[in-house]
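Enquirer: next come a sequence and a model predicted from it.
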Amino acid sequence: MSEIRDVIIIGSGPAGYTAAIYLGRAGLKPLVVAGALTPGGQLVNTTEVENFPGFPDGIMGPDLMENMQRQAERFNAEIVFDDVESTRLDETIKTVTCSGGDVYQARAVIIATGSYYRHLDVPGEEKYSGKGVSFCATCDGFFFRGKPIVVVGGGDSAMEEAGFLSRFGSSVTLLHRRDQFRASQIMVDRTLENPAIDVMMNTVVERINGDGKGVTSVSIRNVVSGETGELPANGVFIAAGQVPQTAFLGGVLELDDHGYIVVEGASTRTNVPGVFAAGDCADPVYQQAISAAGTGCRAALDVQAYLESLVAEAAEA
């Protein structure tokens, strides 16, 4: 068991590192449990990021996260590359146990574990990730201007992505595995009325094909008739939903119906005093690096206010 720290940050994406930068500059020496396998969050698997302010020529996702890590370390943030195995958050002193066996304690904890894209788990998906397979239309749509695009999904996010991509692609085909959409009716109507979008229901992707350098087509199957076929595609955008990484919390924090951490109003405060949430794990709507970084800043300021309140309470006691 180590000494009691002021704050532990669980997660190392834009939210976690931004919180670490702010807390480090405040002299609180935050501990960042960054993860053992994928420190840096989803951006480490992204190629060029063109919509993060301050980089007019774009920046590679891994480079952006490395810069954030170095900036946090410059202000005395301690980075631990391990995974969190369990937590005890409903006590005055919070306890975080890591897979490697180390146990850390702190007065405050920020959860910034993000979310991950739900995958199709079909051949070619992993091979062509970043080479035609994408999970973010606003990030990568521009790269497929004048090229055939396939969008996979049936919720609001799939509809939004298809609509956005219709500005770029030579064609956009939306594939959905069921005979009814999960999306809101207004989004369905908007999609069906868009002449640039073709819709194929009861259809699943069996394989993503390519030439080694990029995607060239997708193999599809109708789940009702069993009929198979192939669609030309240079871009495959998978919009099958996000999964927040909150299962490890053990039910202590209040979650919404989809597993996202519920915060108080515009703050990052959770239902447990001293526990704060930032980034995609508490954001079912925006899911962008810049919005995650913004909530990381807010979490850091909320933590500072919380720690100051503890000092004031102790002085009054």
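Expert: Looks like it came in fine.
Enquirer: let's test this: mean pLDDT of stretch 193-201, rounded?
Expert: Mean pLDDT, computed over stretch 193-201, is 97.
Enquirer: distance between it and the chain's centre?
Expert: On the basis of C-alpha atoms, centre = their mean, to the nearest Å, stretch 193-201 sits 28 Å off its chain's mean C-alpha point.
Enquirer: in the protein, where's the longest helix?
Expert: Identified as the longest helix of the chain according to DSSP state H is helix 289-316.
Enquirer: and that helix, what's buried?
Expert: In terms of neighbour count (16 or more other C-beta atoms under 10 Å), helix 289-316 has its buried residues at 289, 291-304, 306-307. Bear in mind the C-beta positions are built from the backbone N, C-alpha and C, glycine included.
Enquirer: likewise for stretch 254-264?
Expert: In stretch 254-264, counting by 16+ other C-beta under 10 Å, buried: Leu255, Gly259, Tyr260, Ile261, Val263.
Enquirer: mind putting those into a markdown table with pLDDT and distance to Ala158?
Expert: Shown next, in a markdown table, are the buried residues of stretch 254-264 (pLDDT from 0 to 100; distance: C-beta to C-beta, whole Å):
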| residue | pLDDT | distance to Ala158 |
| --- | --- | --- |
| Leu255 | 96 | 23 |
| Gly259 | 94 | 19 |
| Tyr260 | 96 | 19 |
| Ile261 | 97 | 24 |
| Val263 | 98 | 26 |
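Enquirer: mind giving me the packing neighbours of the longest helix of the chain?
Expert: Counting by 3 or more C-beta pairs under 8 Å, 6 or more residues apart in numbering; DSSP states H and E, the packing neighbours recorded for helix 289-316 are strand 4-10, helix 14-25, strand 103-111, strand 275-277.
Enquirer: tell me the mean pLDDT for the third one?
Expert: The predicted model assigns strand 103-111 a mean pLDDT of 97.
Enquirer: one more: the first one?
Expert: Averaged over strand 4-10, pLDDT sits at 97.
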